[in-house]
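1. Have a look at this prediction, sequence included:
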Protein chains: 4
Amino acid sequence: MTGPERMTDYGRLIVRGEDRPGIVANVSGVLTEFGANIVSLDQSSSDPSGGRFFQRTVFHLDDLPARIGRLNDVLEQRLADRLGLDFRLVEAKRRKRVAMFVSKADHCLLDLLWRQRRGELHMTVPMVVSNHPDLGEEVRQFDIPFFHVPVDKDSKAAAEKEQLNLLKGNVDLLVLARYMQILSGGFLEELGVPVINIHHSFLPAFMGAGPYQRAKERGVKLVGATAHYVTEDLDEGPIIEQDVIRVSHRESVRDLQRRGADVERLVLSRAVSWHCDDRVIRDGNSTVVF
Amino acid sequence: MTGPERMTDYGRLIVRGEDRPGIVANVSGVLTEFGANIVSLDQSSSDPSGGRFFQRTVFHLDDLPARIGRLNDVLEQRLADRLGLDFRLVEAKRRKRVAMFVSKADHCLLDLLWRQRRGELHMTVPMVVSNHPDLGEEVRQFDIPFFHVPVDKDSKAAAEKEQLNLLKGNVDLLVLARYMQILSGGFLEELGVPVINIHHSFLPAFMGAGPYQRAKERGVKLVGATAHYVTEDLDEGPIIEQDVIRVSHRESVRDLQRRGADVERLVLSRAVSWHCDDRVIRDGNSTVVF
Amino acid sequence: MTGPERMTDYGRLIVRGEDRPGIVANVSGVLTEFGANIVSLDQSSSDPSGGRFFQRTVFHLDDLPARIGRLNDVLEQRLADRLGLDFRLVEAKRRKRVAMFVSKADHCLLDLLWRQRRGELHMTVPMVVSNHPDLGEEVRQFDIPFFHVPVDKDSKAAAEKEQLNLLKGNVDLLVLARYMQILSGGFLEELGVPVINIHHSFLPAFMGAGPYQRAKERGVKLVGATAHYVTEDLDEGPIIEQDVIRVSHRESVRDLQRRGADVERLVLSRAVSWHCDDRVIRDGNSTVVF
Amino acid sequence: MTGPERMTDYGRLIVRGEDRPGIVANVSGVLTEFGANIVSLDQSSSDPSGGRFFQRTVFHLDDLPARIGRLNDVLEQRLADRLGLDFRLVEAKRRKRVAMFVSKADHCLLDLLWRQRRGELHMTVPMVVSNHPDLGEEVRQFDIPFFHVPVDKDSKAAAEKEQLNLLKGNVDLLVLARYMQILSGGFLEELGVPVINIHHSFLPAFMGAGPYQRAKERGVKLVGATAHYVTEDLDEGPIIEQDVIRVSHRESVRDLQRRGADVERLVLSRAVSWHCDDRVIRDGNSTVVF
């Protein structure tokens, strides 16, 4: 969402935990005590009894930057200590720092950078890292640093170390914008920030090599894309967004790939935008998207 | 939404009014005082400063039927009197009574009755009224009363009177499931319950007679439908739901109408379902759909 | 497609085989010699050199019923003998006889019967067969015979024999409208007519038991359906049509199933309609849909 | 469509005219006489009797560049003279020269240039012309000439003359990629090549000023775009392609515009691609898209 919600003195409070009576009242009570005005509030429970609780609240509070520390302390006491809830409090104005990993395909990367430049995405892009040098010039035209970190089977551990050196402390989110290397579990753990990936999807799935060729061979009528958080199980993390585009027997395998590219960049840009606005809450291997 | 939210001891509270600080806290405070557990809460503001406020809260409260009167009194005091807000408090278990007006086309009507029978829609259907006798047998197979009220130019006022006699006090919602007569402003006012209509839609619109023929003549690639609340301005009321379906030059005018029928019944059924679950809040000539 | 294409004196010619120069000229040459007027012609090659050739031609020929035998003979000579092509020549007016197998879920069946009754589908329905008695009354209201053939692990072979006795010679197509039993390879071979199945689909697929539950657990945002020809590999036959519908975390597992039912009946009805109009040509494990 | 169909020795033949028996046989007969192999053929009639006939044929003919002149002569005789048909014969390899007019919004333009660079669109871009200087640097990074031709009320006639000087003889298609000036009927006539425009679309239409604001006020749930050929009646020409994207009350007017921009660039790129591959045939104020 755009507009005032990304401006000074607006805050976002994300709450997650075991559902129990009174959470909404507690949260809104604290905000009201501070004189905050709730601008929007979305709440959901996975199951009314004994389920999980999720809430995203956007509020306006005069002089938020000076008071957010104190608000955080009170929430710590009232939500975390007393009710055992996880919470995250952020200034809406603060842009997330989003690094991107790419290989050779440019469609997802350029779409994100172009949306970023025209103000659609509430983020900064401190760097783009690639295992190939090809997209360097393109990236630098956006005044964004580009780092080439080659990866091969033998150098993978060293490459991940180099990538971590670049990223650690500098980013709040890593986006795999068609990055064709698998990240190790160790890398993900060490990195410590969320990672979003985009990959093609079909109904039904065509696992393994050459999915477009095999999809063509079975006459699929839809080509799709899925954006998800990366977990150690490749392509199995919580889904943030999906969409499809219609195809027919007229499309060649290469055409299917192009249609796939169109839907990939749309889906990835939505997922990144929603993440940057704290609209996506992870729930085990699922997500709640407000 | 299905499931527990439609069961005993669940309630829905819809709040609407001028936005101001503290509304969410007030609402959730009252519910917490009563010992209610908030199951889901959606809130939205048309504009963070000086805008309109909308909230839908689903809650569980032990022994709700016995206590809803007292809860209503307190909300009257705290929300209506003090904060100047409109509110509606309903027992989720209570099914809305939904009458339908039809003419000769059966696709929207049958789809609703069939969904009703299989338990998708949280409503009862006290009657179907038509200006033609054609669908009587079909309707009665669902054990629903069918009333034939002929309408022609001269008898319109009398027919509306007869329709009002049938409806008044017996229905909470009137659905125009392809009813090809215009209802007078007086009828709408006298009836006093919301009316939902479905009509075909194109991009761009083809106003006036023969829209499918004219859409065909301009080569439209999408056929759509819009479900909206009926106001005195025909086909101009607040939109509840819309959707489209793809067509091509291969489809004849008659094919376009059939595709249109498919999307009409899908869109109307969603709109009716959402209305029955109090998920649609009117806001002037717009809607908020939670 | 509706309209004249289903009327007297209209024919359809489906041609399939190895691509080679001159096929279109040969086909249209024969039709022209007979004085036929080509109403529509769709042609496609899987690969311009050394690929497979597909063509669907709709034509008008005065006095077709009397002349179709002779036309068939000439095509046999010119297309089959000389060019080694498969062809099928049908009178467009002739409705395909379509039997349906169902279990307990009624949504796909009723949608087909309802569309059939209103004239959307160019077919007759000689019978509905079910392994449960539940839908008998419903089916018979459409004046269609309903046969209950129970199936359990021990009786499966006997049941298939009974089913074959009912079907053999009486049907041109079998539709599995949510029939929850697996048909044996022997049954398919013995039956000798195409079989269309509908099943839910996700991106990615959730194989095995409880797909909706598992889709929910991973937070899918789309629920889909796939209509395909049945081969011995369950759920792996050539795809005819697919579509999806959007869902969110708000939908329960049961809601997902209902949304799935909506898209299943739309997709199945399109597949059956296209098959009945000879618009679907099988190509190995794929299809060409004209 | 990509692949061989855009290569040397492939040709496209577009035929249009009054329907009558034997056209397909005549066309394929001529091609066969020349030894051409028909790769794909799509044919359609607006009405089987007395309607309009449309056909697109892609064929392979050895040594096409040397023989296309002779083929054209024979078609002139056999299709135009004898049967009174319009036809167009083109070498598939030849890229159409596509100029673009823009104002300040860059989304449609950049999407086309980016697709062009990655080889999706079978065209060249000899120039981009704008009434504002803003996008010059961007365009020139693609090695494409950019011409700034200011337009105001008084200078409009002079500006159109200057535009015509730039375009005449140099382009096969003009694309209005969010060009916010109306072109005069005289300009269109003088230019003499097709012009494609993209504009936002809603169901129903919101005519006049501020469509997004007014769409928001009525609570629209879909935002769309329409690509069409430009005729003297502004925004009323034959439709080539349309699509929509879902929105809700959560989206601000500015969000609606952004969603609209996403669908605009998808729809425009499809329309341009199809036009460049000669897949769109105009039929009065409608189109046939093969």
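-> Sure, I can see it.

2. Chain B contacts on the stretch 151-290 of chain A?
-> Residues of the stretch 151-290 of chain A lying near chain B by C-beta under 8 Å from any C-beta of the partner chain: residue A:246. Every residue, glycine included, has its C-beta placed from N, CA and C.

3. Helices along the stretch 151-290 of chain A, start to end?
-> With DSSP state H, counting those that start in this stretch as the criterion, the stretch 151-290 of chain A has helices at A:156-167, A:185-191, A:211-218, A:253-276.

4. which one of these is the most hemmed in?
-> Of all the helices of the stretch 151-290 of chain A, helix A:253-276 has the most neighbours on average by mean count of other C-beta atoms under 10 Å in any protein chain shown, namely a mean of 22.

5. for that helix, packing partners?
-> Packing partners of helix A:253-276 (3 or more C-beta pairs under 8 Å, 6 or more residues apart in numbering or on different chains; DSSP states H and E): strand A:96-102, helix A:107-117, strand A:173-176, strand A:195-201, helix A:211-218, strand A:222-229, strand A:239-246, helix D:253-276.

6. Comparing the helices of the stretch 151-290 of chain A by mean pLDDT, which bottoms out?
-> Per-stretch mean pLDDT for the helices of the stretch 151-290 of chain A is lowest at helix A:211-218 (a mean of 90).

7. separation between the closest residue to residue A:141 other than its chain neighbours and residue D:110?
-> Nearest residue to residue A:141 in three dimensions, chain neighbours excluded: residue D:141, at 7.0 Å (C-beta to C-beta, 6 or more residues apart in numbering or on different chains). As judged by C-beta to C-beta, to the nearest Å, residue D:141 and residue D:110 stand 10 Å apart.

8. Among the two, which residue is more densely surrounded?
-> The residue with more neighbours, out of residue D:141 and residue D:110, is residue D:110; 20 against 11, by other C-beta atoms under 10 Å in any protein chain shown.

9. check contacts around the more buried one.
-> By C-beta atoms under 8 Å, 6 or more residues apart in numbering or on different chains, the contact set of residue D:110 is A:114, D:138.

10. Per-residue confidence, it, what does it come out as?
-> On the pLDDT scale, residue D:110 gets 95.

11. ok, it to chain B distance?
-> Distance of residue D:110 to chain B, given as C-beta to the nearest C-beta, to the nearest Å: 24 Å.

12. same check, this time on residue A:129
-> Counting by C-beta to the nearest C-beta, the separation of residue A:129 from chain B is 38 Å.

13. so what's that residue up against?
-> With C-beta under 8 Å, 6+ apart, residue A:129 has these contacts: A:99, A:100, A:101, A:102, A:146, A:147, A:148, A:149, A:163, A:166, A:167.

14. Can I have the buried ones of those residues as a ChimeraX selection?
-> Filtering the contacts of residue A:129 down to the buried ones (16 or more other C-beta atoms under 10 Å in any protein chain shown) takes a single ChimeraX command:
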select /A:99,100,101,102,146,149,163,166,167
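
15. Which of the contacts of residue A:129 sits closest to chain D?
-> Nearest to chain D among those: residue A:102, at 14.4 Å, using C-beta to the nearest C-beta.

16. Okay, and the beta partners of the closest one?
-> When assigned by DSSP bridges, residue A:102 has beta-bridge partners residue A:130.

17. In the stretch 101-250 of chain A, where is pLDDT below threshold?
-> A:207, A:234 (pLDDT under 70).

18. Not counting residues beside it along the chain, what's closest to residue A:274?
-> Spatial nearest neighbour of residue A:274, chain neighbours left out: residue A:280 (5.2 Å); criterion: C-beta to C-beta, 6+ apart.

19. how much space is there between the one you found and residue A:75?
-> Computed as C-beta to C-beta, the residue A:280 to residue A:75 distance reads 20 Å.

20. Between those two, point out the one with more neighbours.
-> Neighbours per residue (other C-beta under 10 Å) separate residue A:280 from residue A:75, with residue A:280 holding more: 25 against 22.

21. Looks like that one contacts residue A:272 (just checking).
-> No: counting by C-beta atoms under 8 Å, residue A:280 sits too far from residue A:272 to count as a contact (9.9 Å).

22. before we move on, what SS does residue A:120 have?
-> coil (DSSP: H, G, I helix; E, B strand; the rest coil).

23. Correct me if wrong: it contacts residue D:258.
-> Yes: between residue A:120 and residue D:258 there is a contact under C-beta under 8 Å: 5.9 Å.

24. Would you mind saying which of the helices of the stretch 151-290 of chain A lies nearest residue C:183?
-> helix A:211-218 (19.6 Å; C-beta to C-beta).

25. near chain C at all, that closest one?
-> Yes: Helix A:211-218 comes into contact with chain C (C-beta under 8 Å from any C-beta), by way of A:216, A:217, A:218.

26. As TSV, those with distance to residue B:205 would be great.
-> Output for these, formatted as TSV (distance: C-beta to C-beta, whole Å):
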residue	distance to residue B:205
A:216	39
A:217	42
A:218	40
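
27. Which residues outside stretch A:147-167 are in contact with it?
-> Stretch A:147-167 is contacted from outside by A:99, A:101, A:127-133, A:136, A:174, A:181, A:183-184, A:186-187, A:190-191, using C-beta under 8 Å, 6+ apart.

28. Now do the end-to-end distance for it.
-> 11 Å (C-alpha to C-alpha, to the nearest Å).

29. next one: stretch A:125-139
-> First-to-last residue span, stretch A:125-139, C-alpha to C-alpha: 11 Å.

30. Buried ones in it, by neighbour count?
-> A:125, A:126, A:127, A:128, A:129, A:130, A:131, A:135, A:138, A:139.

31. Next, the contact list for the third one, please.
-> Going back to what we said before, that points to residue A:127. Counting by C-beta under 8 Å, 6+ apart, residue A:127 touches A:99, A:100, A:144, A:145, A:146, A:147, A:166, A:167, A:170, A:171.

32. same thing but 10 Å
-> By C-beta atoms under 10 Å, 6 or more residues apart in numbering or on different chains, the contact set of residue A:127 is A:97-101, A:139, A:144-147, A:166-167, A:170-171.

33. Neighbours of the nearest residue to it once chain neighbours are set aside, how many?
-> With C-beta to C-beta, 6+ apart as the measure, residue A:145 is the residue that lies nearest to residue A:127, at 4.7 Å, once sequence neighbours are left out. For residue A:145, the neighbour count with other C-beta under 10 Å is 14.

34. again, but for residue A:181
-> 16.
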